[in-house]
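Visitor: Fold the following.
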Amino acid sequence: MIRALDAFAFSSALVACAASALAAAASRALGFAPQPALLALVFCGTVAVYCVDRVRDLTRDARTSPLRSAFVAAHRRELLGVAALCAGGALAAGMAADVRAVAVAGAVAALGFAHRRLKRFMWLKPFYLSSSWTAVCVGLPAVASAPPPGLARLSFVAGAVIGTVQANVILSNLRDAEGLAAHFGARRARRVAGLFLAGSLACALLGPAGTQPLAALPLAMAGAVAAFRPGERFGAWVVDGALLAGGLAAFASPWR
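Guide: Numbering: from 1, shown residues only. Sure thing, here's the model as predicted:
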(Lines give C-alpha, C1' and ligand atoms only; values in the text may rest on other atoms or scores of the structure.)
Protein backbone atom coordinates (compact mmCIF):
# COMPACT_ATOMS: atom_id res chain seq x y z
CA MET A 1 0.00 0.00 0.00
CA ILE A 2 2.82 2.40 0.86
CA ARG A 3 4.51 1.74 -2.49
CA ALA A 4 1.22 2.36 -4.32
CA LEU A 5 0.61 5.64 -2.46
CA ASP A 6 4.19 6.72 -3.11
CA ALA A 7 3.79 6.02 -6.82
CA PHE A 8 0.50 7.92 -6.91
CA ALA A 9 2.03 10.95 -5.20
CA PHE A 10 5.56 10.96 -6.61
CA SER A 11 4.45 10.42 -10.22
CA SER A 12 2.46 13.70 -10.01
CA ALA A 13 -0.83 11.83 -10.49
CA LEU A 14 -2.12 12.97 -7.09
CA VAL A 15 -1.48 16.66 -7.70
CA ALA A 16 -2.96 16.35 -11.22
CA CYS A 17 -6.11 14.76 -9.80
CA ALA A 18 -6.30 17.58 -7.26
CA ALA A 19 -6.04 20.21 -9.99
CA SER A 20 -8.78 18.48 -12.01
CA ALA A 21 -11.04 18.24 -8.94
CA LEU A 22 -10.56 21.94 -8.22
CA ALA A 23 -11.26 22.84 -11.85
CA ALA A 24 -14.49 20.80 -11.69
CA ALA A 25 -15.50 22.47 -8.41
CA ALA A 26 -14.71 25.93 -9.78
CA SER A 27 -16.72 25.19 -12.93
CA ARG A 28 -19.78 24.42 -10.83
CA ALA A 29 -19.21 27.55 -8.73
CA LEU A 30 -19.11 29.62 -11.93
CA GLY A 31 -22.34 28.03 -13.13
CA PHE A 32 -20.87 25.67 -15.72
CA ALA A 33 -21.11 21.93 -16.11
CA PRO A 34 -17.51 20.69 -16.02
CA GLN A 35 -16.26 19.89 -19.52
CA PRO A 36 -14.50 16.51 -19.80
CA ALA A 37 -12.07 17.94 -22.37
CA LEU A 38 -11.19 20.79 -20.04
CA LEU A 39 -10.59 18.45 -17.11
CA ALA A 40 -8.42 16.27 -19.35
CA LEU A 41 -6.42 19.38 -20.29
CA VAL A 42 -5.90 20.23 -16.62
CA PHE A 43 -4.88 16.69 -15.70
CA CYS A 44 -2.54 16.11 -18.62
CA GLY A 45 -0.98 19.55 -18.45
CA THR A 46 -0.30 19.23 -14.73
CA VAL A 47 1.35 15.83 -15.12
CA ALA A 48 3.52 17.08 -18.00
CA VAL A 49 4.75 20.18 -16.15
CA TYR A 50 5.36 18.49 -12.80
CA CYS A 51 7.09 15.43 -14.24
CA VAL A 52 9.49 17.53 -16.31
CA ASP A 53 10.24 19.81 -13.36
CA ARG A 54 10.99 16.91 -11.03
CA VAL A 55 13.25 15.18 -13.51
CA ARG A 56 15.15 18.38 -14.33
CA ASP A 57 15.63 19.37 -10.69
CA LEU A 58 16.47 15.91 -9.39
CA THR A 59 19.81 16.90 -7.86
CA ARG A 60 18.42 19.80 -5.85
CA ASP A 61 15.32 17.89 -4.73
CA ALA A 62 17.42 15.00 -3.44
CA ARG A 63 18.23 17.08 -0.34
CA THR A 64 14.67 18.06 0.58
CA SER A 65 12.67 15.17 -0.93
CA PRO A 66 14.89 12.06 -0.88
CA LEU A 67 12.02 9.55 -1.20
CA ARG A 68 10.48 11.29 -4.20
CA SER A 69 13.91 11.84 -5.75
CA ALA A 70 14.70 8.14 -5.45
CA PHE A 71 11.40 7.31 -7.19
CA VAL A 72 12.06 9.84 -9.95
CA ALA A 73 15.62 8.60 -10.46
CA ALA A 74 14.41 4.99 -10.71
CA HIS A 75 11.64 5.86 -13.20
CA ARG A 76 13.16 8.81 -15.02
CA ARG A 77 12.65 7.42 -18.53
CA GLU A 78 9.06 6.36 -17.83
CA LEU A 79 8.18 9.76 -16.32
CA LEU A 80 9.57 11.61 -19.32
CA GLY A 81 7.57 9.34 -21.60
CA VAL A 82 4.42 10.00 -19.60
CA ALA A 83 5.16 13.73 -19.71
CA ALA A 84 5.47 13.65 -23.51
CA LEU A 85 2.21 11.71 -23.89
CA CYS A 86 0.41 14.06 -21.51
CA ALA A 87 1.73 17.14 -23.32
CA GLY A 88 0.19 15.82 -26.54
CA GLY A 89 -2.99 14.90 -24.70
CA ALA A 90 -3.21 18.38 -23.17
CA LEU A 91 -2.92 20.03 -26.59
CA ALA A 92 -5.60 17.77 -28.09
CA ALA A 93 -7.92 18.27 -25.12
CA GLY A 94 -7.39 22.02 -25.20
CA MET A 95 -8.31 22.25 -28.87
CA ALA A 96 -11.42 20.17 -28.18
CA ALA A 97 -12.40 22.46 -25.31
CA ASP A 98 -11.66 25.95 -26.66
CA VAL A 99 -8.71 27.54 -28.43
CA ARG A 100 -8.65 30.26 -25.74
CA ALA A 101 -8.06 27.56 -23.17
CA VAL A 102 -4.95 26.51 -25.07
CA ALA A 103 -3.60 30.06 -24.83
CA VAL A 104 -4.18 30.23 -21.07
CA ALA A 105 -2.77 26.76 -20.52
CA GLY A 106 0.28 27.58 -22.65
CA ALA A 107 1.05 30.68 -20.58
CA VAL A 108 0.76 28.70 -17.34
CA ALA A 109 2.89 25.87 -18.76
CA ALA A 110 5.64 28.36 -19.66
CA LEU A 111 5.60 29.60 -16.07
CA GLY A 112 5.64 26.02 -14.84
CA PHE A 113 8.68 25.10 -16.90
CA ALA A 114 10.43 28.19 -15.48
CA HIS A 115 9.70 26.97 -11.94
CA ARG A 116 13.19 25.48 -11.65
CA ARG A 117 14.67 29.00 -11.80
CA LEU A 118 11.86 30.92 -10.16
CA LYS A 119 11.74 28.82 -7.01
CA ARG A 120 15.08 30.24 -5.97
CA PHE A 121 13.09 33.36 -5.03
CA MET A 122 11.33 31.80 -2.06
CA TRP A 123 9.27 34.89 -1.21
CA LEU A 124 7.68 34.78 -4.65
CA LYS A 125 7.01 31.06 -4.68
CA PRO A 126 3.63 31.04 -2.86
CA PHE A 127 2.33 33.84 -5.05
CA TYR A 128 3.30 32.64 -8.52
CA LEU A 129 2.30 29.07 -7.71
CA SER A 130 -1.11 30.10 -6.37
CA SER A 131 -1.57 32.39 -9.39
CA SER A 132 -0.79 29.50 -11.72
CA TRP A 133 -3.24 27.20 -9.96
CA THR A 134 -5.91 29.91 -10.02
CA ALA A 135 -5.38 30.47 -13.75
CA VAL A 136 -5.72 26.73 -14.41
CA CYS A 137 -8.58 25.89 -12.06
CA VAL A 138 -10.64 29.08 -12.47
CA GLY A 139 -9.32 30.83 -15.58
CA LEU A 140 -9.66 27.83 -17.89
CA PRO A 141 -13.32 27.13 -17.04
CA ALA A 142 -14.06 30.86 -17.30
CA VAL A 143 -12.67 31.27 -20.84
CA ALA A 144 -13.89 27.94 -22.19
CA SER A 145 -17.63 28.52 -21.67
CA ALA A 146 -20.23 31.13 -22.49
CA PRO A 147 -20.00 33.75 -19.70
CA PRO A 148 -22.98 33.78 -17.32
CA PRO A 149 -24.17 36.96 -15.58
CA GLY A 150 -21.80 38.03 -12.83
CA LEU A 151 -18.89 35.96 -14.15
CA ALA A 152 -16.30 38.53 -13.07
CA ARG A 153 -17.45 38.53 -9.45
CA LEU A 154 -17.81 34.76 -9.35
CA SER A 155 -14.34 34.33 -10.86
CA PHE A 156 -12.82 36.71 -8.34
CA VAL A 157 -14.32 34.86 -5.39
CA ALA A 158 -13.46 31.43 -6.80
CA GLY A 159 -9.92 32.60 -7.50
CA ALA A 160 -9.54 33.88 -3.95
CA VAL A 161 -10.62 30.50 -2.60
CA ILE A 162 -8.41 28.49 -4.94
CA GLY A 163 -5.59 30.73 -3.72
CA THR A 164 -5.73 28.48 -0.66
CA VAL A 165 -2.94 26.61 -2.43
CA GLN A 166 -0.64 29.20 -0.87
CA ALA A 167 -1.12 27.33 2.40
CA ASN A 168 0.02 24.18 0.60
CA VAL A 169 3.22 25.92 -0.49
CA ILE A 170 3.86 27.27 3.02
CA LEU A 171 3.49 23.79 4.50
CA SER A 172 5.91 22.41 1.91
CA ASN A 173 8.39 25.12 2.86
CA LEU A 174 7.96 24.19 6.52
CA ARG A 175 9.20 20.69 5.81
CA ASP A 176 12.12 22.00 3.73
CA ALA A 177 12.93 24.88 6.14
CA GLU A 178 12.61 27.36 3.27
CA GLY A 179 10.71 30.60 2.63
CA LEU A 180 8.62 31.85 5.53
CA ALA A 181 9.64 28.93 7.71
CA ALA A 182 13.32 29.74 7.34
CA HIS A 183 12.82 33.41 8.26
CA PHE A 184 10.09 33.31 10.90
CA GLY A 185 10.00 29.75 12.16
CA ALA A 186 7.42 27.00 11.88
CA ARG A 187 4.89 28.45 14.31
CA ARG A 188 4.59 31.83 12.61
CA ALA A 189 4.57 30.27 9.15
CA ARG A 190 1.65 28.05 10.17
CA ARG A 191 -0.17 31.14 11.44
CA VAL A 192 0.32 32.80 8.06
CA ALA A 193 -1.09 29.70 6.37
CA GLY A 194 -4.04 29.86 8.76
CA LEU A 195 -4.68 33.50 7.82
CA PHE A 196 -4.74 32.60 4.12
CA LEU A 197 -7.21 29.82 4.88
CA ALA A 198 -9.43 32.07 7.01
CA GLY A 199 -9.59 34.62 4.21
CA SER A 200 -10.40 31.95 1.64
CA LEU A 201 -13.12 30.50 3.87
CA ALA A 202 -14.69 33.93 4.33
CA CYS A 203 -14.64 34.55 0.57
CA ALA A 204 -16.40 31.26 -0.10
CA LEU A 205 -19.08 31.63 2.57
CA LEU A 206 -19.80 35.33 1.98
CA GLY A 207 -19.51 35.22 -1.80
CA PRO A 208 -22.35 35.06 -4.33
CA ALA A 209 -24.61 32.02 -4.55
CA GLY A 210 -22.70 29.02 -5.84
CA THR A 211 -19.37 29.72 -4.18
CA GLN A 212 -20.28 28.35 -0.73
CA PRO A 213 -19.32 24.72 -1.55
CA LEU A 214 -15.78 25.93 -2.21
CA ALA A 215 -15.46 26.35 1.56
CA ALA A 216 -14.60 22.65 1.61
CA LEU A 217 -11.15 23.47 0.22
CA PRO A 218 -9.85 25.78 2.99
CA LEU A 219 -11.46 23.52 5.57
CA ALA A 220 -9.60 20.49 4.19
CA MET A 221 -6.36 22.45 4.09
CA ALA A 222 -6.94 23.63 7.67
CA GLY A 223 -6.91 20.00 8.73
CA ALA A 224 -3.49 19.57 7.11
CA VAL A 225 -2.20 22.72 8.84
CA ALA A 226 -3.50 21.60 12.23
CA ALA A 227 -2.07 18.09 11.92
CA PHE A 228 1.17 19.10 10.21
CA ARG A 229 4.14 16.77 10.53
CA PRO A 230 7.54 17.40 8.91
CA GLY A 231 7.82 13.99 7.22
CA GLU A 232 8.07 13.81 3.42
CA ARG A 233 5.17 11.39 3.11
CA PHE A 234 2.93 13.69 5.15
CA GLY A 235 3.57 16.42 2.60
CA ALA A 236 3.12 14.10 -0.37
CA TRP A 237 0.06 12.26 0.89
CA VAL A 238 -1.75 14.55 3.35
CA VAL A 239 -0.91 18.12 2.31
CA ASP A 240 -1.45 17.50 -1.42
CA GLY A 241 -4.21 15.02 -0.59
CA ALA A 242 -6.08 17.80 1.22
CA LEU A 243 -6.28 19.69 -2.07
CA LEU A 244 -7.81 16.64 -3.73
CA ALA A 245 -10.22 15.97 -0.85
CA GLY A 246 -11.30 19.61 -0.71
CA GLY A 247 -11.83 19.78 -4.46
CA LEU A 248 -13.89 16.59 -4.55
CA ALA A 249 -15.98 17.69 -1.55
CA ALA A 250 -16.62 21.09 -3.12
CA PHE A 251 -17.62 19.52 -6.44
CA ALA A 252 -19.94 16.93 -4.86
CA SER A 253 -21.51 19.28 -2.30
CA PRO A 254 -25.33 19.54 -2.55
CA TRP A 255 -25.13 23.05 -1.07
CA ARG A 256 -25.99 25.24 -4.07
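Visitor: Could you report the pLDDT at the closest residue to V143 other than its chain neighbours?
Guide: Once flanking residues are discounted, V143 sits nearest to R100: 4.4 Å by C-beta to C-beta, 6 or more residues apart in numbering. Where C-beta positions appear, they are placed from N, C-alpha and C, glycine not excepted. Looking at R100, its pLDDT reads 83.
Visitor: try V136
Guide: 91.
Visitor: I figured C51 hits G81, correct?
Guide: No. Look at C51 against G81 with C-beta atoms under 8 Å: they stay out of range, at 9.3 Å.
Visitor: between those two, who's got more neighbours?
Guide: C51 (26 against 12; other C-beta atoms under 10 Å).
Visitor: going on from whichever strand or helix holds the more buried one, what's the next piece of helix or strand?
Guide: Using DSSP states H and E, C51 sits in helix 36-56. Next along the chain after helix 36-56, taking DSSP H and E as the criterion, comes helix 58-64.
Visitor: elements contacting that following helix?
Guide: When contacts are defined as 3 or more C-beta pairs under 8 Å, 6 or more residues apart in numbering; DSSP states H and E, helix 58-64 packs onto helix 66-74.
Visitor: mind listing what's buried in the helix it packs on?
Guide: Across helix 66-74, burial judged by 16 or more other C-beta atoms under 10 Å covers 68-69, 71-72.
Visitor: the helices in the stretch 101-250 of the chain, which residues?
Guide: 115-118, 125-134, 140-143, 151-162, 165-176, 179-184, 186-206, 216-226, 232-233, 240-252 (DSSP state H, counting those that start in this stretch).
Visitor: could you check the angle helix 125-134 makes with the last one?
Guide: Angle of helix 240-252 versus helix 125-134, following axes from the mean of the first three to the mean of the last three C-alpha atoms, to 10 degrees, is 30 degrees.
Visitor: So what's the gap between helix 240-252 and the chain middle?
Guide: Distance, stretch centre to chain centre, for helix 240-252: 11 Å (C-alpha atoms, centre = their mean, to the nearest Å).
Visitor: Repeat that for the third one.
Guide: Relative to the centre of its chain, helix 140-143 is centred 16 Å away, using C-alpha atoms, centre = their mean.
Visitor: Run through who's touching it.
Guide: 23, 26-27, 30, 32, 34-35, 38, 41-42, 97-98, 100-101, 104-105, 151, 155 (C-beta atoms under 8 Å, 6 or more residues apart in numbering).
Visitor: ditto for the last one
Guide: Outside helix 240-252, the residues that touch it by C-beta under 8 Å, 6+ apart are 9, 14-15, 17-22, 24-25, 28-29, 34, 164-165, 168, 213-221, 223-224.
Visitor: wait, doesn't V169 sit right on S130?
Guide: Yes. Between V169 and S130 there is a contact under C-beta under 8 Å: 7.1 Å.
Visitor: Which one of those two is surrounded by more residues?
Guide: V169 (24 against 20).
Visitor: Quick check, pLDDT for that one.
Guide: pLDDT at V169 comes out at 70.
Visitor: And the spatially closest residue to L111 that is not a sequence neighbour, how far from A92?
Guide: Distances taken as C-beta to C-beta, 6+ apart put S132 closest to L111, at 5.5 Å, once the chain neighbours are dropped. According to C-beta to C-beta, to the nearest Å, S132 stands 22 Å off from A92.
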